[in-house]
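Undergrad: Structure for the following, please:
(chains A and B)
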Amino acid sequence: MQQYKCDVAIIGSGIGGLAAGALLSNAGYRVIVAEKLNFFGGRCATHDFQGYKIDTGVSLVVDEVHGVLCREVGVDFEFRAVDPLLVVHYKGKDYPFNSAEGMVALISEASRDDAEMGRVFGAMMNAVTWAEPSNSMSFLDWILQYTDNPDLLAVFQCLVTSIFGLRLGEIPAGAYFRMVAETEKADLKTSGFPVHGGGSVSDALVKAIRAHGGEVWRSTPAARINVDNGKATGAVVTRRGKEVEIQAQAVISNAGPRQTVELVGKENLSAGYLKEVEDLKSVPIIRVSATSDEPLMEGSQVRLLTEARRMLLVWTPSNNNPHIAPEGKHLLAGFAFPASAYPPFDFEDDIKLCLQDLADFIPGFEDRAEILRVDTFHGDWPEYGTHSGYGMPLKTPVEGLYLVGDTSAPLGWFGSPASVTSARMATADVMGRYQPCPVE
Amino acid sequence: MIEISDEKCVGCGICVCLCPVDDCLTGFNEIQVAETCIDCFKCVHGCPVNAISVVPVAMGNASAAI
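TA: A predicted model of the protein is given here:
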């Protein structure tokens, strides 16, 4: 069997694997990234469909996360900031999501009176700056302590679900407030769109790894992660039809928890760890792409629809960006969530409700728009790999085997920022334990 | 030829984007394969949940097609 030697073998080229590969190779470690699919980026890739750019997952990015990472490893991607990126659409008006003033105005509008508004906003501030609610309390239980006003509940349902994909009764209240606190702490303030689609972040990271002497292989599925005496020693992958062995000091898996268990073998993992993986629940999403001759919505903001049944986020990525749609055409993107994040799902019914929501929200939608695609993500190819607050640890029971991706980030992080954060934590740990071997 | 497992398919649409033939792979949620498939297998190698497999064409059917 052909053998390759490197410092760190990385299985999977999602943004977590690529971020880890880019950070390590930038620090002088030799890495090999093996991707089983015929494209890089996983749920952070962009495909061309009939001249439109369709993202496999990540569409919105944060300059302080994705941009800073890329610049740190010597690459960049074209980015267009939108401020405010998220606006909450309530009773015909837009309220900026990223400012305390916007939230005060929104909660005030949805409250029955000043006393209710003061009670709810005061409790929110307390939860962010002082006593975070415990993880055993759902957001629904938390908010019901302060109000049962259906208008306010609908606003919070929209805020929580559009970010975490979970309904109020499905998410620990702490997860939402930790997210607000972490966003503040990390000073995440510059959000927007990669001009050529979310996949351009992955493309940039692939370029960085290769520029630093690392290898990134596509169409290279892993057959197993090698373990010797309780320590990860590398992996066996199938490259160009032949099995090859990658020998490494450490292995970073970005293949998802379930696939990682298969690769490393249950016999090498503890019963408790296996149960945690088995109990993981992913978050589903429905993504609608609609085309038109004229923009279906003004501006570049992502609108959170508080009054819709399933469709929670809509925006027009082609506005002010000629790279997203063929000349003279426009694209509208919508993210919707099933009635519950727990299966079984009735996507047929959910999709009907999504389209009704769009027809209600966008004047003349049925005549002006054509549905390009409706894509569903769930199970092993979900919106998020875990319900917030129930993720996996960064380190597996096998010494030298790390798990990165959106399932292994600290509470409060979600999606691709979570993946990048997990990659930063894993690479910092690798650098503290292993030295790069001299090049032979 | 290819076969899509309804049980494994999540409906993410990546196969439809990777397919070089117009209207070969169609549908939302449940993806269908048309007879225009050219067996390039890009969808097989791009499916993140291994829902698409290559199935052999029976000899009789192959010669009928010729």
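
Undergrad: how about the residues of chain B that lie near chain A?
TA: Applying CB under 8 Å from any CB of the partner chain, we find that chain B lies next to chain A at B:10-14, B:16-18, B:28-29, B:42, B:45-49. Every C-beta, even on glycine, is put in place using the N, C-alpha and C of the backbone.

Undergrad: give me that answer again for 6 Å
TA: Residues of chain B that fall close to chain A, judged by CB under 6 Å from any CB of the partner chain: B:10-14, B:17, B:28-29, B:45-46, B:48-49.

Undergrad: Which members of these are positioned in helices?
TA: The helices, defined by DSSP state H, take in B:14, B:17, B:45-46 from the residues of chain B next to chain A.

Undergrad: What's the local residue count around A:H323?
TA: A:H323 has 13 neighbouring residues, counting by other CB atoms under 10 Å in any protein chain shown.

Undergrad: correction: A:E298
TA: Neighbours around A:E298, by other CB under 10 Å: 8.

Undergrad: for the one 10 residues further on, same thing?
TA: For A:A308, the neighbour count with other CB under 10 Å is 23.

Undergrad: so what's the backbone phi/psi at it?
TA: phi -90, psi 160 (degrees, to the nearest 10).

Undergrad: before we move on, what about A:Y434?
TA: Dihedral angles of A:Y434 (phi, psi; degrees, to the nearest 10) stand at phi -120, psi 140.

Undergrad: just wondering, since we're on the closest residue to it other than its chain neighbours, how far is it from chain B?
TA: Closest residue to A:Y434 apart from its sequence neighbours, by CB to CB, 6 or more residues apart in numbering or on different chains: A:Q249 at 4.6 Å. Plainly put, A:Q249 is 29 Å away from chain B if you go by CB to the nearest CB, to the nearest Å.

Undergrad: pLDDT value on A:Q249, please?
TA: On the pLDDT scale, A:Q249 is placed at 98.

Undergrad: Next, find the distance separating it from A:R30.
TA: Distance of A:Q249 to A:R30, computed by CB to CB, to the nearest Å: 10 Å.

Undergrad: Overlap in contacts, those two.
TA: A:D7 (CB atoms under 6 Å, 6 or more residues apart in numbering or on different chains).

Undergrad: Redo the residues of chain B next to chain A as JSON lines? Include pLDDT.
TA: Formatted as JSON lines, the residues of chain B next to chain A follow (pLDDT from 0 to 100):
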{"residue": "B:V10", "pLDDT": "95"}
{"residue": "B:G11", "pLDDT": "95"}
{"residue": "B:C12", "pLDDT": "95"}
{"residue": "B:G13", "pLDDT": "95"}
{"residue": "B:I14", "pLDDT": "96"}
{"residue": "B:C17", "pLDDT": "95"}
{"residue": "B:F28", "pLDDT": "83"}
{"residue": "B:N29", "pLDDT": "78"}
{"residue": "B:H45", "pLDDT": "97"}
{"residue": "B:G46", "pLDDT": "97"}
{"residue": "B:P48", "pLDDT": "97"}
{"residue": "B:V49", "pLDDT": "96"}
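
Undergrad: Just give me the closest of those to A:E276.
TA: Nearest to A:E276, judged by CB to CB, of the residues of chain B next to chain A is B:V49 at 21.6 Å.

Undergrad: Over in the stretch 1-150 of chain A, which residue gets nearest chain B? Let me know.
TA: Closest to chain B within the stretch 1-150 of chain A is A:H47: 3.5 Å, counting by CB to the nearest CB.

Undergrad: Give me the three-state assignment for that residue.
TA: Counting by DSSP: H, G, I helix; E, B strand; the rest coil, the backbone at A:H47 sits in strand.

Undergrad: Check for me that A:R303 belongs to a helix.
TA: No - in this structure, A:R303 is strand, not part of a helix, as judged by three-state DSSP.

Undergrad: Show me the beta-bridge partners of it.
TA: When bridges are called by DSSP bridges, A:R303 pairs up with A:V87, A:V314.

Undergrad: got the contact list for it?
TA: A:87, A:89, A:314.

Undergrad: Can you show me the helices along chain A?
TA: Here chain A has its helices, by DSSP H, at A:15-26, A:68-72, A:100-110, A:114-129, A:139-144, A:150-164, A:173-185, A:199-211, A:257-264, A:271-279, A:347-361, A:365-368, A:415-433.

Undergrad: Let me have those in CSV, adding distance to A:K242 as columns.
TA: Formatted as CSV, those follow (distance: least, CB to CB, whole Å):
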stretch, distance to A:K242
helix A:15-26, 22
helix A:68-72, 34
helix A:100-110, 57
helix A:114-129, 54
helix A:139-144, 51
helix A:150-164, 43
helix A:173-185, 45
helix A:199-211, 22
helix A:257-264, 18
helix A:271-279, 30
helix A:347-361, 40
helix A:365-368, 52
helix A:415-433, 28
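
Undergrad: Need the winner for burial among those.
TA: With neighbours defined as mean count of other CB atoms under 10 Å in any protein chain shown, the helices of chain A peak in mean count at helix A:15-26, which reaches a mean of 31.

Undergrad: when you scan it, is anything in it near chain B?
TA: No - Helix A:15-26 lies out of reach of chain B by CB under 6 Å from any CB, never closer than 13.9 Å.

Undergrad: A:A235 is in contact with A:A223, isn't it?
TA: No - contact criterion CB atoms under 6 Å: A:A235 and A:A223 do not qualify, at 7.9 Å.

Undergrad: any idea how far A:G230 lies from chain B?
TA: Counting by CB to the nearest CB - A:G230 and chain B are separated by 30 Å.

Undergrad: what does the model give that residue for pLDDT?
TA: 95.
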